[in-house]
Every structure is written in structure tokens, then in C-alpha cells.
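*Asks:* missing the sequence, but the structure's below:
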């Protein structure tokens, strides 16, 4: 982690306008992407800003700012941790899905509601995680690259929606089919995709579209300070 600090005076001199902090937040985060860094937290006038409070603080004017600090972390390190976790978890999730579909055909919904709910929740969490990974990767693996994010996300959302509809209608035969065929295919697709992304982060993949986004950096008088 690294910590940076910029004075309110430097911010006002840089922007030459009494703008809101949300513009500063946006510029900082855009600039950091070119360095493969993400903001972990902001500290405004010595007060740490919780993630839930960022929207409220984003409307604060620069005239009210004495100091702005922010703590950053390497986005590749974070992405690597998330990837490793899912790559280890997905084979077990695939096996659980297959076992659950077999049990459902044998006994219907009896005693399986919690297992089904947990499975759907894990799939929704997977979708959220992949969206976060894509945001951290910038323009990598999008378009015609080896990982078709759009196709995978749409297939995931469609399958989860079908599973929830079958569950609401108590159609365990349809739900078993969705789990065994559609959902398992989606989970396997994500496992294959995430393995490719992990290889690229370690320099083991040399396919197309793996160059990080190159954005121009700028300076607003920030200074790196001790952690």
C-alpha cells in the first residue's frame, strides 16, 4: 500500500475552480489506473471516509478542503487474490451444482431450499466479482479477446434468472435441468476465462488484447507519505 497527500491549496491551484470533490476523486482514480493502482480509501481533512460515505463527501467543495489523502493498492495484487479464490472455488461449486441437480430429481425440493438459495447467492456473488475484475483489468480481454466478458455475463444473468423463476414456480424438473446443463456450463466458462486472466497477470499468456490501458498521468501536487 502507498499513501498520498495533497493540500487544499494545491487542489484549488490545480483546478482553478471551486469544484466538488467528486471531480477530484474521478481524476485520481483515472490517473491511478495507468499505474495499475486503485484507491482503498480517502481521508478528507484528517477524517477517514467510509465507502458508504463517499457519495456524501463527493459533493464537498474544494473551498472546504484543507487536506486530501488517499491510500492506494496495486490492482493486480487485488485481482490476483480474487482470481485465485474463484479458481479454487469453482470446481467445488460445479460439483455441488451437479450433485444438487441429481438430488432434486430424486426428492424434489424437500430439504433442499437452503442449498438452492446458497447456490444462487454464490452465483450472484460470482457475477459481481467478475464485474469488479473486469473494471480492474481496464480494456484487457474485451472485444475480440479470449475472454468474452459480455457473453459470459449475459449467460450468467440469464441462467440465474431462469433458476429463480423455476424455483418460484416450484418446477424442480426444470430447475434440475437448468442447474445441470446451463449453470454448470456457465460456471465452467468462467473457470476457463479466469484461468486465462490469471495467466496473463503472471505473464504466461501471450494472446491478443492483453496490454494494459495507457492513460496520461498528471500532477496536482500530491506527495507520497509514510504508510
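*Replies:* Okay, I see it. Only a predicted model underlies this, so the values are computations on that prediction, with no experimental measurement involved.

*Asks:* List the buried residues of the top helix by length along the chain.
*Replies:* Using DSSP state H, we find that the single longest helix of the chain is helix 75-107. Buried positions in helix 75-107, judged by neighbour count with 16 or more other Cβ atoms under 10 Å: 75-76, 78-79, 82-83, 86, 90, 93-94, 96-97, 100-101, 104. Quick note: C-beta positions are derived from backbone N, CA and C, even for glycine.

*Asks:* and residue 47, how many neighbours?
*Replies:* 12 (other Cβ atoms under 10 Å).

*Asks:* From residue 60, how far off is it?
*Replies:* Applying Cβ to Cβ, to the nearest Å, the value for residue 47 to residue 60 is 11 Å.

*Asks:* Next: residue 165.
*Replies:* 44 Å.

*Asks:* who has more neighbours, these two?
*Replies:* residue 60 (17 against 13).

*Asks:* Nearest spatial neighbour of that one, chain-adjacent residues omitted?
*Replies:* residue 21 (4.9 Å; Cβ to Cβ, 6 or more residues apart in numbering).

*Asks:* Give me the pLDDT for that neighbour.
*Replies:* We have a pLDDT of 93 for residue 21.

*Asks:* so where do the helices sit in the protein?
*Replies:* 8-15, 21-33, 54-57, 75-107, 113-137, 149-168, 172-177, 184-201.

*Asks:* which stretch among these comes nearest residue 67?
*Replies:* helix 8-15 (6.4 Å; Cβ to Cβ).

*Asks:* buried residues in the closest one?
*Replies:* 8, 10, 11, 12, 14.

*Asks:* Report the contact partners of residue 133.
*Replies:* Neighbouring residues of residue 133 by Cβ atoms under 8 Å, 6 or more residues apart in numbering: 79, 82, 83, 194, 197.

*Asks:* burial of the residue lying closest to residue 61 once chain neighbours are set aside, as a residue count?
*Replies:* Spatial nearest neighbour of residue 61, chain neighbours left out: residue 18 (5.4 Å); criterion: Cβ to Cβ, 6+ apart. Neighbour count of residue 18, defined by other Cβ under 10 Å: 10.

*Asks:* my read: residue 18 touches residue 64, true?
*Replies:* No: counting by Cβ atoms under 8 Å, residue 64 is not a contact partner of residue 18; they are 9.4 Å apart.

*Asks:* just to revisit the earlier point, of all the helices of the chain, which one is nearest residue 2?
*Replies:* The nearest among these, by Cβ to Cβ, is helix 21-33 at 10.0 Å.

*Asks:* and that closest one, what does it pack onto?
*Replies:* Counting contacts by 3 or more Cβ pairs under 8 Å, 6 or more residues apart in numbering; DSSP states H and E, helix 21-33 packs against helix 8-15, strand 37-44, strand 67-74.

*Asks:* could those go into a markdown table alongside distance to residue 27 and mean pLDDT?
*Replies:* Shown next, in a markdown table, are the helices and strands packed on helix 21-33 (distance: least, Cβ to Cβ, whole Å; pLDDT from 0 to 100):
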| stretch | distance to residue 27 | mean pLDDT |
| --- | --- | --- |
| helix 8-15 | 9 | 92 |
| strand 37-44 | 11 | 89 |
| strand 67-74 | 12 | 91 |
